[in-house]
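Chemist: missing the sequence, but the structure's below:
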């Protein structure tokens, strides 16, 4: 079993990719600062951040050219310096994906998150062939991603679990019945530990208690980008069975955050980047076709962060206590 599998035990960090104000260039210095500020929260005595997923969905992979992509991954590997594994996003059709794989390999990443192929919805056999082709192009470990135009049948995931360097499955659809059947299909064919299962919904904390119950222990946290104290408090509440804190954060922070996120197209990325700016780092704008959140929505986001920290203070958690 992959050593990467053993290292993925905690929050999954999907950093934003900062751009200069005119969207002309990737701001690598701001990106390094973003990474370092979160890596500084690593605590050997208590699980927390466990991996950096650079140039993925929150990192606007779709808007990066291959040179920018390679630079982002290179900086991620350099700044992380082995403190946590670094995974890069790859996508599009298999030949183009393979070219991103080569750039990721040269950057020195530890693994890859394979985003859905561009636009098309293939058959189950076509999907299996696509992911097998990408896996065959590299020795890096892969996590495959179900979302948007890609929905896997349980047996297809069990088939792909036969590929040695496919180590994980990330769900971004939110169909718990389907996800339970996928987990069961892999378990029955290969055993309980063959694949890592990840909750990859846009605000995964809202569903993580349910996902954990069906055997999906890992999740990506966009909130960790801009309010890491809230994200870590929720993670530890779930892990340690503090239902009162988890419920309070859901009721007063995560549920309103989802409602705010749903007010704008593309807010799963642009609202997160706005939050990073509120946290004190000038991450610049999003690239088109994404647009910036409305001013009133930024005010609501700022208030929600304050509300979340008020919950931490009431429960005497961290620096907010």
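Modeler: Done, it's in. From a predicted model like this one, the values you see are computed outputs, not experimental measurements. Numbering: from 1, shown residues only.
Chemist: Distance from stretch 129-143 to the middle of the chain?
Modeler: In terms of C-alpha atoms, centre = their mean, to the nearest Å, the centre of stretch 129-143 is set 19 Å apart from its chain centre.
Chemist: what's the longest helix in the protein?
Modeler: helix 295-314 (DSSP state H).
Chemist: Strands along the stretch 151-300 of the chain, start to end?
Modeler: Counting by DSSP state E, counting those that start in this stretch, the stretch 151-300 of the chain has strands at residues 166-171, 196-199, 218-219.
Chemist: Mind telling me what element residue 129 is part of?
Modeler: helix 124-136 (DSSP states H and E).
Chemist: what about that helix, average pLDDT?
Modeler: Across helix 124-136, pLDDT averages out at 95.
Chemist: cool, and stretch 34-54?
Modeler: Stretch 34-54 carries an average pLDDT of 94.
Chemist: Next one: residue 117 relative to residue 297, how far apart?
Modeler: 32 Å (C-beta to C-beta, to the nearest Å). C-beta coordinates here come from the backbone N, C-alpha and C atoms, glycine included.
Chemist: Which residue of these two possesses the greater neighbour count?
Modeler: Higher neighbour count among residue 117 and residue 297: residue 117, with 22 against 18, using other C-beta atoms under 10 Å.
Chemist: so what pLDDT did that one get?
Modeler: 85.
Chemist: who's in contact with it?
Modeler: Remark: with contacts taken as C-beta atoms under 8 Å, 6 or more residues apart in numbering, residue 117 is in contact with 91-94, 97, 130, 149-150.
Chemist: Now render the residues you listed as TSV, adding secondary structure and neighbour count.
Modeler: Shown next, in TSV, are the contacts of residue 117 (DSSP: H, G, I helix; E, B strand; the rest coil; neighbours: other C-beta atoms under 10 Å):
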residue	secondary structure	neighbour count
91	coil	20
92	coil	17
93	coil	14
94	helix	16
97	helix	23
130	helix	20
149	coil	11
150	coil	20
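Chemist: any idea how far residue 150 lies from residue 170?
Modeler: Counting by C-beta to C-beta - residue 150 and residue 170 are separated by 11 Å.
Chemist: repeat for residue 238
Modeler: Residue 238 is 18 Å from residue 170, by C-beta to C-beta.
Chemist: Those two: which has the busier surroundings?
Modeler: Using other C-beta under 10 Å as the criterion, residue 238 and residue 170 rank with residue 170 on top: 25 against 19.
Chemist: Isn't the more buried one up against residue 144?
Modeler: Yes - under the criterion of C-beta atoms under 8 Å, residue 170 makes contact with residue 144 at 7.1 Å.
Chemist: got the residue ranges for the helices in this protein?
Modeler: Going by DSSP H, the chain shows helices at 3-7, 28-39, 66-80, 94-107, 124-136, 154-160, 176-190, 205-213, 223-226, 228-240, 243-249, 255-261, 267-278, 295-314.
Chemist: and residue 199, which of these is closest to it?
Modeler: With C-beta to C-beta, the closest approach to residue 199 among those belongs to helix 205-213: 4.3 Å.
Chemist: Just the residues contacting that closest one, thanks.
Modeler: Outside helix 205-213, the residues that reach it (C-beta under 8 Å, 6+ apart) are 171, 174, 176, 179, 199, 201, 204, 219, 221, 223, 231, 234, 238, 246, 249-250, 254-255, 258.
Chemist: now those: which count as buried?
Modeler: Among the contacts of helix 205-213, those classed as buried by 16 or more other C-beta atoms under 10 Å are 171, 174, 179, 199, 201, 204, 219, 221, 223, 231, 234, 238, 246, 249-250, 254, 258.
Chemist: What pLDDT is listed against residue 121?
Modeler: With respect to pLDDT, residue 121 has a value of 77.
Chemist: Can you tell me, leaving aside adjacent residues, what's nearest to it?
Modeler: residue 149 (4.6 Å; C-beta to C-beta, 6 or more residues apart in numbering).
Chemist: can I assume the one you found is in contact with residue 120?
Modeler: Yes - with contact defined as C-beta under 8 Å, residue 149 counts as touching residue 120 (6.8 Å).
Chemist: The helices of the chain: lowest mean pLDDT?
Modeler: Across those, helix 3-7 gives the lowest mean pLDDT, at a mean of 90.
Chemist: That one packs against which elements?
Modeler: In terms of contacts (3 or more C-beta pairs under 8 Å, 6 or more residues apart in numbering; DSSP states H and E), helix 3-7 is packed against strand 166-171.
Chemist: Parallel or antiparallel, list what pairs with the strand it packs on.
Modeler: Taking DSSP bridges as the criterion, strand 166-171 forms sheet pairs with strand 141-146 (parallel), strand 196-199 (parallel).
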